[in-house]
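[1] Compute the structure for the input listed below.
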Amino acid sequence: MRSRHEVPVTPSGHERLEAPIYCVLTRIQLRRISALPLMLYGYLQVRRQARNAPRLVRSAFLLRDLRTFFILSIWEGEEGILTFASQAPVHTKVARWAFSWAAHGLEGPEIWSTEWRIWAASNNVNWNEPPIWADLLRGHRPTEGRRSAGLEEEG
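    Here you go, the predicted structure:
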């Protein structure tokens, strides 16, 4: 009998990823709307520094409303997350901004983060970088040019 990891497709029809892909999702709710442009500016600074981060596939700033947003990052393996978090001074600075401008609830700042591993993805995943996902589905690391292309500012 084959293990579930030997089956190339999940019961829901998603293709299993052979490379370990991790997502980090952070939610931040701000006290004031006026802090949102500053946090977006901070995100862009971190993103600029992340261009050379090993194993970062993609990141996104996702706006929920004028006081709440999410930052999503997708990584090839856990090592890249740990390295970037510990060696990125701009990330540390912007994280301090977030804690100082965050709304506060009963439990403290309205900031939470989660990390999970992606085991499978639909065969039509497309973040404007289909070669990256195609490479990952086959268990190959993206080429240097393709990996960094997803982090460059558009426009």
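[2] Quick check: the gap between Val94 and Ile81.
    To Ile81, Val94 is 16 Å away according to C-beta to C-beta, to the nearest Å. In this view, the C-beta of every residue, glycine as well, is placed from N, C-alpha and C.
[3] Report the mean per-residue pLDDT for the longest strand along the chain.
    Secondary structure of the chain read by DSSP state E shows that its longest strand is strand 15-29. Mean pLDDT, strand 15-29: 89.
[4] and the following helix or strand past that strand, how far from the chain's centre?
    Next helix or strand after strand 15-29 toward the C-terminus (DSSP states H and E): helix 36-50. Helix 36-50 sits 14 Å away from the centroid of its parent chain (C-alpha atoms, centre = their mean, to the nearest Å).
[5] Identify the residues contacting helix 36-50?
    28, 30, 56, 59, 61, 66-67, 69, 71, 84, 88, 90-91, 93-94, 97-98, 101, 151, 153 (C-beta atoms under 8 Å, 6 or more residues apart in numbering).
[6] Show the buried residues in the residues you listed.
    28, 30, 56, 59, 67, 69, 71, 84, 88, 91, 94, 98, 101, 151 (16 or more other C-beta atoms under 10 Å).
[7] pLDDT below threshold where in this structure?
    1-7, 124-155 (pLDDT under 70).
[8] all helices for it, in order.
    Using DSSP state H, the helices of the chain run over 36-50, 78-87, 89-101, 130-137, 144-149.
[9] just these: most buried one?
    Of all these, helix 130-137 has the most neighbours on average by mean count of other C-beta atoms under 10 Å, namely a mean of 18.
[10] check contacts around the residue nearest to Gly80 when sequence neighbours are not counted.
    What sits nearest to Gly80 in space, not counting adjacent residues and going by C-beta to C-beta, 6 or more residues apart in numbering, is Arg55, at 2.9 Å. By C-beta under 8 Å, 6+ apart, the contact list for Arg55 reads 75-77, 79-81, 83, 147.
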